[in-house]
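Novice: Okay, here's the prediction I keep looking at, along with the sequence it came from:
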Protein chains: 2
Amino acid sequence: MGNPFKLDLGDYLPYLVNRVGAIIAEQFGEEALAPHGLSIAMWRVMVVLASEANQRQIDLAALTSIDASTLSRLVTRLVRMGLVTRTRSARSNREVAVKLSAKGRALVVRLIPIAREYEAAAIAGVPAEELAVVKRCLRLIYGNMKSRPAPKSGSQQLPPHDRLLA
Amino acid sequence: MGNPFKLDLGDYLPYLVNRVGAIIAEQFGEEALAPHGLSIAMWRVMVVLASEANQRQIDLAALTSIDASTLSRLVTRLVRMGLVTRTRSARSNREVAVKLSAKGRALVVRLIPIAREYEAAAIAGVPAEELAVVKRCLRLIYGNMKSRPAPKSGSQQLPPHDRLLA
């Protein structure tokens, strides 16, 4: 662990991951998505809808790693832009189903090859077997954080959780 | 590459990286940093200053992966909070040097062990040799994106670059 009062950012996983996530999202977002009025989160929703014609809004949240209330607002924006439609599910009147409009499908089909170019630029020089390790570890790490218990009381991370308990 | 009109987010590196970077930053940011009025970027600046007593502001930008103008604003905020001081460099009157105040040092020393706990929670179950691969690949990928040439004209990413050429 080295000196407990120092932290080498260049060897600190959260930093290494965060700056990669940020620089790819920034470049792809500004260059490919912003001209169409899309954010990274809206793009994720459209990508998932391109794979599965009709999705329950609740499943979309899980498939895009976007929380349900944020997702609901994003879908509303996409509906206003004419890119997706929202209907009552055929299965249950309480379920909301979302799908791409023809305009949305045409846009996502144009953007997917561009998205693949960004991935290819990012992973240039990474051997296939190492890329597989990276992807597997990133899924595991995401799961670890997603299921992480709330910090124990008495620690310095208290404030947000105090409020939940109050 | 599979169906060119579909993209499997669960196997798409930019998505896998971005959601990990976001969830760690969100949890650590909200639980450990926000109570002290710090953002992830401000925290990075303080961590680097904890390792090197006195830094030129221009070196800080490179060491934190924060662009120079954003960094300058962050340092101004940290100065107002009494956590860092900014002085003319001893070497050159045109260089700005930044260092932690006693209050800043005390805070970062309290936060570093907490930051290590978040990293440990994140990488639980990842074998050391795989973690080494992940870190190495993430550094390579960051370098790839950082040095990526501007998109070629004629592509669909035109608008932001059009403006530069106009």
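Specialist: Nice, thanks for sending it over. Source: prediction; values computed, not measured.
Novice: Next up, the contacts around A:Thr87.
Specialist: Residues in contact with A:Thr87 (Cβ atoms under 8 Å, 6 or more residues apart in numbering or on different chains) are A:96-97, A:99. For every residue, glycine as well, the C-beta is placed using N, CA and C.
Novice: and A:Gly10, how many neighbours?
Specialist: Neighbour count of A:Gly10, defined by other Cβ atoms under 10 Å in any protein chain shown: 12.
Novice: before we move on, what about A:Ala68?
Specialist: Neighbours of A:Ala68 using other Cβ under 10 Å come to 11.
Novice: now swap in A:Ser51 and tell me
Specialist: Counted with other Cβ under 10 Å, A:Ser51 comes out at 15.
Novice: what residue ranges in chain A score low on pLDDT?
Specialist: The model of chain A has pLDDT under 70 over residues A:1-2, A:151-166.
Novice: let's see it at 90
Specialist: Low-confidence segments of chain A (pLDDT under 90): A:1-5, A:52-58, A:87-96, A:149-166.
Novice: Three-state assignment for the closest residue to A:Val47 other than its chain neighbours, please.
Specialist: Spatial nearest neighbour of A:Val47, excluding adjacent residues (Cβ to Cβ, 6 or more residues apart in numbering or on different chains): B:Leu7 at 5.0 Å. Classification of B:Leu7 by DSSP: H, G, I helix; E, B strand; the rest coil places it in coil.
Novice: what's the answer for A:Asn3, then?
Specialist: Classification of A:Asn3 using three-state DSSP returns coil.
Novice: How about A:Ile58: what's its closest non-neighbour residue?
Specialist: A:Ile58's closest residue in space is A:Ala68 (Cβ to Cβ, 6+ apart), at 6.7 Å.
Novice: Roughly how far does that neighbour sit from A:Leu74?
Specialist: 11 Å (Cβ to Cβ, to the nearest Å).
Novice: ditto for A:Gln57
Specialist: A:Gln57 is 10 Å from A:Leu74, by Cβ to Cβ.
Novice: Equivalent analysis for A:Leu111, please.
Specialist: 16 Å.
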